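In: model this:
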Amino acid sequence: MIELNFRAEFEISRASEEYKLLIKNLPEVFVGKVERLQNLIKILCSAAKKCMKEKKMHMAPWRKHKYLQAKWLSAAACERTAAQPLVAVAGFPGRTAAVARPRASMLTVEFMDNMPNMIRTAVEVV
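Out: Numbering: from 1, shown residues only. Reported below is the predicted structural model:
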């Protein structure tokens, strides 16, 4: 998972010194596993909640744990499921290649539906 503007997502204008120190130690760009991001989100959201409560500030919805989980972790889940399966390449042990997905044109579907008589069977040429 890569997030280019990670630290800025957690910055607060009137933050406590403790929270500022925590945010200062965050990387500007996050590169890591989804599990690590989950843990960081949980810690940072609880720290933000504590800071906001101490300062008697409203906790905006986009700073809440569930929102940030949905923002980053649902995107990560989509990327993981969208990866194409790999198959072994014949004649090259240890090598893999992506499985080709069948493609269909929407124009072909409409054309074939409107002209059912255009479909002909193949004829063997001798």
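In: contacts and neighbour counts: CA atoms only from here.
Out: Will do.
In: Look at residue 12 and give its secondary structure.
Out: The three-state label given to residue 12 by DSSP: H, G, I helix; E, B strand; the rest coil is coil.
In: my read is residue 125 is in a helix, agree?
Out: No: Residue 125 is assigned coil when assessed by three-state DSSP, not a helix.
In: Pull the number of nearby residues for it.
Out: Residues near residue 125, counting by other C-alpha atoms under 10 Å, number 4.
In: low-scoring stretches of the chain, by residue?
Out: For the chain, the stretches flagged by pLDDT under 70 are 75-123.
In: Could you rerun that using 90?
Out: 1-3, 5, 12-14, 52, 55, 57-65, 67-126 (pLDDT under 90).
In: which other helices and strands contact the longest helix anywhere in it?
Out: When the chain is parsed with DSSP state H, its longest helix is helix 34-54. The criterion is 3 or more C-alpha pairs under 8 Å, 6 or more residues apart in numbering; DSSP states H and E, and the helices and strands that helix 34-54 contacts are helix 17-24, helix 65-68.
In: how about those in CSV, adding distance to residue 30 and mean neighbour count?
Out: Formatted as CSV, the helices and strands packed on helix 34-54 follow (distance: least, C-alpha to C-alpha, whole Å; neighbours: other C-alpha atoms under 10 Å):
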stretch, distance to residue 30, mean neighbour count
helix 17-24, 13, 14
helix 65-68, 14, 16
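In: Distance to residue 74 added to those, as JSON lines?
Out: Shown next, in JSON lines, are those (distance: least, C-alpha to C-alpha, whole Å):
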{"stretch": "helix 17-24", "distance to residue 74": "24"}
{"stretch": "helix 65-68", "distance to residue 74": "9"}
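In: of all the ones you listed, which lies closest to residue 35?
Out: helix 65-68 (13.7 Å; C-alpha to C-alpha).
In: helices or strands next to that closest one in the packing?
Out: Packed next to helix 65-68, using 3+ C-alpha pairs under 8 Å, 6+ apart, are helix 34-54.
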